[in-house]
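Asks: Curious how this folds, go ahead:
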Amino acid sequence: MLYGREREQAVVDGLLDGARNGRSGVLLLRGEPGIGKTALLDHAVATAGRDFRVIRAAGVEHEAELPFAGLSLLLAPGLDRLSALPGPQRRSLEAAFGLASAPDSGPAPADRLLAGLATLGLLAELAADQPLLCVVDDVQWLDHASLDALLLAARRLQAEGVALLLAARTGGAPADRQLGLPELHVAGLAEADATRLLTHRAGPDLPASVRDRLLAEAAGNPLALTELPVAAGTQTHSPGGLPLTSRLLIAFHGQVTGLPAATQTLLLVAATEENGELDAVLPAAAALGATADHLAPAEEAGLVTIGPDRRLAFRHPLLRAAILQRAPHVQRLAAHRAVGEALTDGDRRTWHLALAATSPDAALADALERTAVRAETRGAHGGAAAAYERAARLTPDRDGATRRLILAAEAATEEGKLAHAEALADQAAARTDSVLAHALLDHVRATAHFWRGSYPTAYRLLLDAAGTAIEPPHAARMLLQAFHAAWYAGEEPVGAVLDRLAALPLADDDPLTPLARHLPAAVLPALGRTAPPLPAARTTADAARKAGAETPADLVQLCGATLVLGRDDETAELAGELVAEARAKGGVGVLPTLQFFLAEAELFHGRHRDAEVTATEALGLARDTGQHQWVSQLTALLAYLAALAGTTDTCTELAGTALTTTGPQTAAPASGEPWAHWALALLDLGHGRAADAADRLHTLTTGRYRHHVSATRAVPDLVEAAVRLGTPDRAAAPYERFARWTAAADRPWAEALRLRCQALLGPDELAESAYRAALDLHEGTHRPFEQARTALLYGEWLRRARRRTDARPHLRAALETFERLAAHPWATRARTELTATGTTAPTPRAANSPLATLTPQELQIARLAAQGLTNRDIAAQLFLSPRTVGHHLYKAYPKLGITSRTDLPTLLV
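Replies: A predicted model of the protein is given here:
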């Protein structure tokens, strides 16, 4: 029976009810040690009963970082279903758990994001026959790789019938991270409930003075109410002023000290071994003089239990902590050595022996480095960093130790542990005079500054490091990262990086050479500078692949650079191919970046609904994988689409989110700031607020981000707003810059926009020829929104010139296009202008297309189903579960007026 937990039990029961009805749900219980989180987990398991399949695991406080240890224990009951997963996901879990891969599968996947998606898929498979309850206790002690995989799966659960119930200590390890999960805080018991529990535990004859003292000391903590009476007996004085957790540790330790010495030794070995595997614990204990018979006193005292799987479990994690904390150092070292020698698992054996070592050991250091390399190939950079660092401590020679400290710093950076990475870099730097080593360490420091948003510092460190006497391939990699930092630092840093990159003597067969040559040609015109001819994106991509660029991640920067010079068609083609390739290979980490560039290209081509679908999926992936930069960018892009439609509330909300979305360790402006300001300016312009639009656009097109794609493309909007205000001079300098850019872009649509600006800014007698030339160039460019805006402006000019008859066809064409695109403010403006010519404008067309009623995800899934893909095929492409795909299809059918997927091709293909 649980005392005073009716509210918490009701929340847990609701989670289970949802899973029974096919809805997935996630809940994280948070509270101090002993507050009753595990009891609530036990309640959930008991309530689930036989209706549910139940899998359960718990984090254990490790001195070593053992990648995927927690996840492998949790998912062990489902490993026989691995074959049901898509190939990349299956191989990812096989690699994570150290299982044999298929001979033809190539290198083991190193993307732990993919392991998270595989976890989602395996949970869905386990829930296929009956609801699944997945319980994980002590989440604060899960290894980082397991936690990341589990969190990604949790965020993407939808309609699988999975109840995921987690518990973590307040202030535990995940507390420094935004887990993004629903949480329930488990507080102390009310006084009446605490009194009932204490009476039940200690009996009704407990003296009132002792009872009152225990109630005050326990402060509603159920574990304290259970354990402190055992330690206190009938004492009338407390151990004085210690935190509650410390008093509980003392209480637990007091229960252990009364046991035989051999039993205490065995418990220390079990606490050291972490997993409670008797096949390892008993041989290790035997080496220290304890046998299986010595378990009996601990079992009789209720301190440990032995499960049917031959695992030893402590009554509470604080008991294990008390044993480890109170043991003398020399005994702990002996326990580690005994456990290491008893284990057969290579990495665990190596770690325990390393923790037992008290002096340098070259062979052990080499073994730890191999452990680190294996962790890196599994995407577990935190585990790799810890192993490299410990290996460095055990390395006898100075140069070898320095090399391993550098590797540890690089791995810690990959893990996002920036302060620790910098500390390791400082330690390594103090031990070496090597130019290459210091360049690599500056790379670590620069990466830390970049993720904190200190872009100028990151740029300068990388630029300086690339300028030292290091090999060109190393320098190229640093300069490409410096370009990323410079992009947010301003035009001058971008130009400096591009100049250095263009002058770098890279070999023709280096995989980075094609991109290093492409970037300056694509980006320099956006800085107002001349550039060499730009090869087609396809040509550059083929050359890069031929030189060894094998994955979409190797080519993603090519998509962004090509977009900078207005090669939107090439970007759409290349990004579309790379998105498909990333889906096939399970490259979920790079998808948000690729899809952002693809969505930009789709938007510029007037495919607004396609852009919304692409950006919405990418935003979900970016959120689920913690890619804050792309969350901001994609949210801002969706704000722009909302501005096109004139949905004020949606646009302002999305733009506000984009402007405030940054990483947890950064103080820099949000990366989506340029797009967000363009979105708000377009909203203002569409609704006739030219002054507000002009202010935003002038800042965007003349400020620090004026070289960005959104700033360059916003210049025609600034020209229109400034002219409407009667202040065309505000747009003069941005227009001159834009004119130089359009000449370099050499695209008909770009020249059409320049001519439109010229018509607005130039003398009235030249306006008509500019408008007509612009409309001629718009034909065949597949940019309906911009073509309609040119037609609208020309129609307005004709009407003001009292040429109403000539204005009508242009205004009518603009109106039809705006209505087809659902660009409502612009349709309203075109209708008003058409009415002003003396004709009756058509009534607003109702948005009666059933496709318009679908959410972006429903439309995406329906399109794939219409192509003949099964739910499992669609799930593999979109990184969802098949049941979630089916859930969205069944929601879409009534909206489309159909009853099955066989009707979809008629509507969608």
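Asks: Wait, Arg883 touches Val162, no?
Replies: No - here Arg883 lies out of contact with Val162, judged by C-beta atoms under 8 Å, at a distance of 9.4 Å. Heads up, the C-betas are built off the backbone N, CA and C, glycines and all.
Asks: separation between Ile898 and Leu904?
Replies: 7 Å (C-beta to C-beta, to the nearest Å).
Asks: Look at the two and report which has more neighbours.
Replies: Neighbour comparison, Ile898 and Leu904: the larger count goes to Leu904, with 22 against 16 (by other C-beta atoms under 10 Å).
Asks: Please state the backbone phi and psi of the more buried one?
Replies: The phi/psi pair for Leu904 (degrees, to the nearest 10) reads phi -70, psi -40.
Asks: now Leu28
Replies: With angles defined as degrees, to the nearest 10, Leu28 sits at phi -110, psi 120.
Asks: domain assignment for this protein?
Replies: Following automatic domain parsing, one finds the domains of the chain at 6-185, 191-238, 256-356, 850-908.
Asks: How far does the first one stretch from one end to the other?
Replies: Same thing as domain 6-185. End-to-end distance of domain 6-185 (C-alpha to C-alpha, to the nearest Å): 14 Å.
Asks: any idea of the mean pLDDT for that domain?
Replies: Mean pLDDT, domain 6-185: 88.
Asks: Stretch 475-491 too?
Replies: pLDDT averaged over stretch 475-491 gives 93.
Asks: roughly how far out does it sit from the chain middle?
Replies: 22 Å (C-alpha atoms, centre = their mean, to the nearest Å).
Asks: What residues of that stretch count as buried?
Replies: For stretch 475-491, burial by neighbour count (16 or more other C-beta atoms under 10 Å) applies to 475-476, 478-491.
Asks: Name the nearest of the residues you listed relative to Ala153.
Replies: Set against Ala153, the nearest of the buried residues of stretch 475-491 by C-beta to C-beta is His484 (29.5 Å).
Asks: For the stretch 551-700 of the chain, which segments are assigned as helices?
Replies: 552-564, 568-585, 591-604, 608-624, 628-645, 648-660, 673-686, 690-702 (DSSP state H, counting those that start in this stretch).
Asks: Relative to Leu93, which of those helices is closest?
Replies: Leu93 sits nearest to helix 568-585 of all the helices of the stretch 551-700 of the chain, at 15.4 Å, using C-beta to C-beta.
Asks: angle of the closest one against helix 591-604?
Replies: For helix 568-585 against helix 591-604, the angle by axes from the mean of the first three to the mean of the last three C-alpha atoms, to 10 degrees is 150 degrees.
Asks: Only C-alpha atoms, please: export helix 568-585 in PDB.
Replies: Taking C-alpha atoms only, helix 568-585 is exported to PDB below (Å, rounded to 0.1, in the frame of the first residue of the first chain):
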ATOM      1  CA  ASP A 568      17.800  27.300 -56.500                       C
ATOM      2  CA  ASP A 569      17.000  24.700 -59.100                       C
ATOM      3  CA  GLU A 570      20.400  23.000 -58.600                       C
ATOM      4  CA  THR A 571      19.900  23.200 -54.800                       C
ATOM      5  CA  ALA A 572      16.500  21.600 -55.000                       C
ATOM      6  CA  GLU A 573      17.800  18.700 -57.200                       C
ATOM      7  CA  LEU A 574      20.900  18.000 -55.100                       C
ATOM      8  CA  ALA A 575      19.300  18.500 -51.700                       C
ATOM      9  CA  GLY A 576      16.300  16.300 -52.800                       C
ATOM     10  CA  GLU A 577      18.700  13.500 -53.700                       C
ATOM     11  CA  LEU A 578      20.800  13.800 -50.600                       C
ATOM     12  CA  VAL A 579      17.600  13.800 -48.400                       C
ATOM     13  CA  ALA A 580      16.600  10.500 -50.100                       C
ATOM     14  CA  GLU A 581      20.100   9.100 -49.500                       C
ATOM     15  CA  ALA A 582      20.100  10.200 -45.900                       C
ATOM     16  CA  ARG A 583      16.800   8.500 -45.300                       C
ATOM     17  CA  ALA A 584      18.000   5.300 -46.900                       C
ATOM     18  CA  LYS A 585      21.200   5.300 -44.800                       C
END
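Asks: quick one: contacts of that helix?
Replies: The contact list for helix 568-585 (C-beta atoms under 8 Å, 6 or more residues apart in numbering) reads 88, 536-538, 541, 551-552, 555-556, 558-559, 562-563, 587-588, 590-591, 594-595, 597-598, 600-602, 604-605, 876-877.
Asks: ok, back up a step: any chance of the domains of the chain in a markdown table, plus distance to Leu798?
Replies: Listed next are these as a markdown table, based on distance: least, C-beta to C-beta, whole Å:
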| stretch | distance to Leu798 |
| --- | --- |
| domain 6-185 | 53 |
| domain 191-238 | 79 |
| domain 256-356 | 77 |
| domain 850-908 | 33 |
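Asks: most tightly surrounded among the ones you listed?
Replies: Highest mean neighbour count of the domains of the chain: domain 6-185, a mean of 20 (counted as mean count of other C-beta atoms under 10 Å).
Asks: Let me have the helices of the stretch 551-700 of the chain in TSV, extended by mean pLDDT.
Replies: Below are the helices of the stretch 551-700 of the chain laid out as TSV (pLDDT from 0 to 100):
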stretch	mean pLDDT
helix 552-564	91
helix 568-585	93
helix 591-604	96
helix 608-624	95
helix 628-645	96
helix 648-660	97
helix 673-686	98
helix 690-702	97
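Asks: about what we covered before: drop anything exposed from the contacts of helix 568-585.
Replies: Listed as buried from the contacts of helix 568-585 are 88, 537, 541, 552, 555-556, 558-559, 562-563, 587-588, 590-591, 594-595, 597-598, 600-602, 604-605, 876-877; burial here means 16+ other C-beta under 10 Å.
Asks: thinking again about what came up before, out of the domains of the chain, nearest to Gly379?
Replies: Nearest of the domains of the chain to Gly379, taken as C-beta to C-beta: domain 6-185 at 3.5 Å.
Asks: Just the buried residues of stretch 475-491: which are in helices?
Replies: 475-476, 478-489, 491 (DSSP state H).
Asks: quick revisit: indicate which one of the domains of the chain is closest to Thr457.
Replies: domain 6-185 (23.2 Å).
Asks: Among the domains of the chain, which comes closest to Pro520?
Replies: Going by C-beta to C-beta, the one of these nearest Pro520 is domain 6-185, 30.9 Å.
Asks: if I've got this straight, Ala335 is in a strand?
Replies: No - with DSSP: H, G, I helix; E, B strand; the rest coil as the criterion, Ala335 is located in helix rather than a strand.
Asks: if I pick it, what's in contact with it?
Replies: When contacts are counted by C-beta under 8 Å, 6+ apart, Ala335 touches Leu268, Val269, Ala271, Thr272, Ala284, Leu288, Ala327.
Asks: All good on my end, thank you.
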